[in-house]
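> the following block contains a protein sequence and its predicted model.
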Amino acid sequence: MEETLTVVDNRTNTTYTFPLFKGCVRTMDLRKIKTSADDFGVMGYDPAFMNTASCQSSITYIDGDKGILRYRGYPIEELAENCSFLEVAHLLLRYELPNEEQLKGWTREVMEHAFVPENIKKLIDGFHYDAHPMGMLISTVAALSTFYPDSRNVRDPEVRKMQMRRLLGKLPTLAAYSYRYRRGLPYADPDPDLGFAENFMAMLWKQPGKEYKPNPVLARALDVLFILHADHEQNCSANAMRAVGSSQADPFVSTAAAAAALSGPLHGGANEEVLRMLDEIGTKDHVPAYVQSCKDGHKRLMGFGHRVYKNYDPRAKIIKRIADQVFEVTGKNKKIEIALELEKIALEDEYFVKRKLYPNVDFYSGIIYEALGFEPVMFTVLFALPRMAGWLAQWAEMLEDPEQKIARPRQIYTGVWERHLTPKRQTA
């Protein structure tokens, strides 16, 4: 039996019956509800897409009430425990986890694209000495579009696959070069023989004329962080990737748009805000007073709560576990004591429990990034590197979906209805 929804328009006393599509009302069906023949019809009004499904997707599943996150059906906990980031990227972009032979080929295909054109280095050299790395990343990834004009042929599946490999390989290089430019260091070439995380760490911290061997514990921790950030359903930056890509713009400029969306403090910059909060609290003893200030509306509790999760963010649990492994190598970050006390009080306080404000992925990730040696200005860039896999998966899925058209939401006009110019007075 077909599932339907019956709606009564009380303005006209007319009854409409609409089929449900996978539990949803197709919003275009609402256009049938009219008061007259020339009426435009009813639209859905949903600021910030709080309850609107803009697409069908097989990439990521989230159940915010139960704290579930899965990539193509695999629980995030299992992927973080058993897989590398490039394995997860293969899963997102090629639908399945690779076997050993496929992984070797896939790794080679990605890493051979780690080198960037020499002119990109000149572009980075043109930035101000203290330019934000995220601004440099957005600019340089967009500039890559001019080096690969074939990328405009987005309808060719083989061309799309090539751009995916290029972007996955080159984004860490752009990020590392931006980091080294800010520190006045010469650029370190990629080493395709290293793993994804190890190569990135080498490009960041290798000293001229010296061999650099990434610590395996820290490299694994970074790889797990990359897995946790690889995709997260229809978030702000994924939506930007899809919206810009829907015009059939090439994936380099579409990625620049997604990265721009990620750069905001309400999205990719949230973990940096957490560190600022912990610095403001200062010591563990000051936590109760800060919590009370949040309850009184004078402060904000950063790193708690999420648009989707109404339970403990599963990614936060994983990060909390790997923090101990990182601190065994780097020494304990003093901020972790403040964070643990803050979490303890917040999870026991009725004010926060009632509002379902649980720690999210940003609460602990900034502390670990700082322990690994990253400056806070790099945190959003570190978010963008793994999210590249998710953005590309979302972009490709959008292009392959026959129902998708160029993104063009409706609006409710609230301006002056009509007015006319007043003729100028005749002057003598």
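On my side now, so go ahead. Numbering: from 1, shown residues only.

> buried residues, stretch 155-166. List them.
Within stretch 155-166, the residues that qualify as buried by neighbour count (16 or more other C-beta atoms under 10 Å) are 159-160, 162-166. Quick note: C-beta positions are derived from backbone N, CA and C, even for glycine.

> which one of those residues is nearest to residue 300?
When the buried residues of stretch 155-166 are compared for distance to residue 300 (C-beta to C-beta), residue 164 wins out at 37.6 Å.

> hmm, residue 392 and the closest one touching each other?
Yes - using C-beta atoms under 8 Å, residue 164 is in contact with residue 392, at 4.9 Å.

> okay, and the common contacts of these two?
By C-beta atoms under 8 Å, 6 or more residues apart in numbering, residue 164 and residue 392 have these common neighbours: 93, 251.

> sorry, back to before: which of the buried residues of stretch 155-166 fall in helices?
159-160, 162-166 (DSSP state H).

> from those, which is closest to residue 15?
Among these, and counting by C-beta to C-beta, the member closest to residue 15 is residue 160, at 46.1 Å.

> report the contact partners of the nearest residue to that closest one once chain neighbours are set aside.
Closest residue in space to residue 160, ignoring its immediate chain neighbours: residue 396 at 5.9 Å, by C-beta to C-beta, 6 or more residues apart in numbering. Contact analysis of residue 396 by C-beta under 8 Å, 6+ apart lists 93, 160, 164.

> which residues sit in contact with the last one?
With contacts defined as C-beta under 8 Å, 6+ apart, the neighbours of residue 164 are 93, 251, 392, 396.

> per-residue pLDDT, it?
Residue 164 is assigned 98 on the pLDDT scale.

> let's number from 495 now, not from 1
Sure, I'll start counting at 495 from here, so that last one is residue 658.

> what's the distance between it and residue 829?
Residue 658 sits 37 Å away from residue 829, going by C-beta to C-beta, to the nearest Å.

> now swap in the second one and tell me
Here residue 654 is placed at a distance of 42 Å from residue 829 (C-beta to C-beta).

> which one of the buried residues of stretch 649-660 is nearest residue 533?
residue 654 (41.9 Å).

> who's in contact with the closest one?
648, 745, 890, 893 are the contacts of residue 654 under C-beta under 8 Å, 6+ apart.

> and residue 682, by the same measure?
So residue 682 contacts 670, 674, 696-698, 700 (C-beta under 8 Å, 6+ apart).

> switch to 10 Å and redo it
Residues counted as contacts of residue 682 (C-beta atoms under 10 Å, 6 or more residues apart in numbering) are 667, 670-671, 674, 693, 696-702, 706.

> also residue 727?
Contacts of residue 727 were listed using C-beta under 10 Å, 6+ apart, and they are 551, 553-556, 558, 563, 733, 802, 884, 888.

> in helices only, show me those.
Within those, residues falling in helices by DSSP H are 733, 884, 888.

> could you turn the buried ones of those into a PyMOL selection?
In PyMOL syntax, the buried subset of these is picked out as below (16+ other C-beta under 10 Å):
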select buried, resi 733+884+888
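
> now the ones in helices among the contacts of residue 727 in TSV, with pLDDT and distance to residue 898?
TSV is the format used below for the ones in helices among the contacts of residue 727 (pLDDT from 0 to 100; distance: C-beta to C-beta, whole Å):
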residue	pLDDT	distance to residue 898
733	97	13
884	98	17
888	98	11
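
> related to what we said a few turns ago, turn the contacts of residue 654 into CSV, including distance to residue 792.
Below are those laid out as CSV (distance: C-beta to C-beta, whole Å):
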residue, distance to residue 792
648, 49
745, 44
890, 46
893, 47
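
> out of those, which end up buried?
Applying 16+ other C-beta under 10 Å to those flags 648, 745, 890, 893 as buried.

> for these, which one is nearest residue 864?
Minimum distance to residue 864 across the buried ones among the contacts of residue 654 is 31.6 Å, recorded for residue 745 (C-beta to C-beta).

> how about the closest one, nearest residue that isn't a chain neighbour?
Using C-beta to C-beta, 6+ apart and skipping the chain neighbours, the partner closest in space to residue 745 is residue 657 (4.7 Å).

> so that neighbour makes contact with residue 739?
No - applying C-beta atoms under 10 Å, one finds residue 657 not in contact with residue 739, separated by 11.3 Å.

> who touches both of those two?
Shared contacts of residue 657 and residue 739, counting by C-beta under 10 Å, 6+ apart, come down to 648, 745, 748-749, 886, 889-890.

> list the helices and strands the helix or strand hosting residue 787 packs on?
Following DSSP states H and E, the helix or strand that holds residue 787 is helix 781-789. Contact here means 3 or more C-beta pairs under 10 Å, 6 or more residues apart in numbering; DSSP states H and E; on that basis helix 781-789 packs against helix 764-775, helix 829-842, helix 844-848.

> angle of that helix against helix 829-842?
Per axes from the mean of the first three to the mean of the last three C-alpha atoms, to 10 degrees, the angle that helix 781-789 makes with helix 829-842 is 50 degrees.
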